[in-house]
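Enquirer: No letters, just coordinates:
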Ligand code: NCD
């Protein structure tokens, strides 16, 4: 049986202690463990109390993590898949906990324009989906009856497959359309494609396109929700969200951290979305690289600019490496890949300037020996690269949930 409320109450020292920690009457705490038919919340603790409880528990020396709120008694708590799911197990009843008033956007086109509260809401929801994805039954029914279309005009491994998995784990129908970049003509053909797909009544379109602004243009032509899977060198909002989730889970916060984003910042949508998100959440962001790909003007985005890697990494908490986006470069931006690695590639020598517990991130695909040394990339103690991929599925589940929560229900639409 899924009973996170009983688990959390026990961990915190009983209903009275929890009532005091959250500042509510003890009868409301008891109610969390009652079935819905008896006015309870079916073993779930409403999401609005999660943060307060985690903070209050920490003050009392009790370690409570977001995963505790999705605890499954009798199952394996996500530590392994050895124990089978009990026969009475039912999918996570998360829909009631989603709060559509905290995220009202129809589309997710960029981080620019999202408030810190909206970002925190998506991250909180994603935390729950991490727990779901680590459990033995990775399904929730939040997208039942919904159709999600992946429309990728540019190559992708992580983003496309994780959106597909996210849609499927939420019980939606997912269709992949891969469009070879070479066959695309900008303008009319993009609009035509949008109108054609729109006629098939998708609920969500996930779009990746080589031209900055193309996804927003497309969103204006369709009646469904649109999520930007990366547009040119403009924005890649779900990447920044998954990076933030990875950081928050590892460091416990985002505010106050020093994050160094290193490499080809000028051509990187990942850098742009991360700068918006990290500065909005109170982190100090540095950008590090040669002047050709880290122009001084980028300081206008509220970041510090460094052309010396060792200086840029000094005392930072997170080192985020970026690939040279050769496909977006016209002309030569770096003298040679070898020289680029010598000055700006991440190796242990340069990393020694960061804090001793600094963690390494990279959105992938990584180019070993070009922007990052192989041993550093594979360092299980410090590299978060595969964890980022895991967080990518959870964050995309949260984004799909958030945009569909604001659409008319699938049943209502089918009736009309
Ligand atoms: C990034 C992208 O496509 O913008 N990759 C990704 O989505 N994980 C970064 C890149 O291509 O370098």
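Expert: All right, it came through fine. Just so you know, these numbers come straight off a predicted model, no measurement behind them.

Enquirer: Close to the ligand: what parts of the stretch 201-350 of the chain are there?
Expert: Proximity of the stretch 201-350 of the chain to the ligand, by C-beta under 6 Å from any ligand atom, involves residues 230, 236, 239, 269-270, 323, 325. Every residue, glycine included, has its C-beta placed from N, CA and C.

Enquirer: can you rerun that using 5 Å?
Expert: 230, 236, 270, 323 (C-beta under 5 Å from any ligand atom).

Enquirer: which residues does the first one contact?
Expert: Neighbour list for residue 230: 154, 156, 159, 208-209, 236, 239, 269 [criterion: C-beta atoms under 8 Å, 6 or more residues apart in numbering].

Enquirer: Contact partners for residue 271?
Expert: Residue 271 neighbours (C-beta under 8 Å, 6+ apart): 261, 264-265, 287, 322.

Enquirer: now swap in residue 164 and tell me
Expert: 150, 174, 176.

Enquirer: In strands, which of the residues you listed appear?
Expert: 150, 174, 176 (DSSP state E).

Enquirer: Nearest to the ligand among the contacts of residue 164?
Expert: Relative to the ligand, the closest of the contacts of residue 164 is residue 150; by C-beta to the nearest ligand atom it sits at 13.0 Å.

Enquirer: pretty sure that closest one contacts residue 165?
Expert: No - with contact defined as C-beta atoms under 8 Å, residue 150 does not count as touching residue 165 (11.0 Å).

Enquirer: out of those two, which sits in the busier spot?
Expert: More neighbours surround residue 150 than the other of residue 150 and residue 165, with 23 against 17 (other C-beta atoms under 10 Å).

Enquirer: what pairs with the more buried one across the strands?
Expert: Going by DSSP bridges, residue 150 is paired in beta bridges with residue 176, residue 206.

Enquirer: where do the strands sit along this structure?
Expert: Using DSSP E, strands in the chain cover 147-152, 173-178, 204-209, 225-231, 258-262, 284-288, 304-306, 318-321, 359-361.

Enquirer: Identify each buried residue in stretch 325-333, please.
Expert: 325, 328, 333 (16 or more other C-beta atoms under 10 Å).

Enquirer: what's the last one in contact with, if anything?
Expert: Going back to what we said before, that points to residue 333. 264, 290, 292-293, 324.

Enquirer: Highest neighbour count among the residues you listed?
Expert: residue 264 (27 neighbours).

Enquirer: Roughly how far does it sit from residue 274?
Expert: 13 Å (C-beta to C-beta, to the nearest Å).
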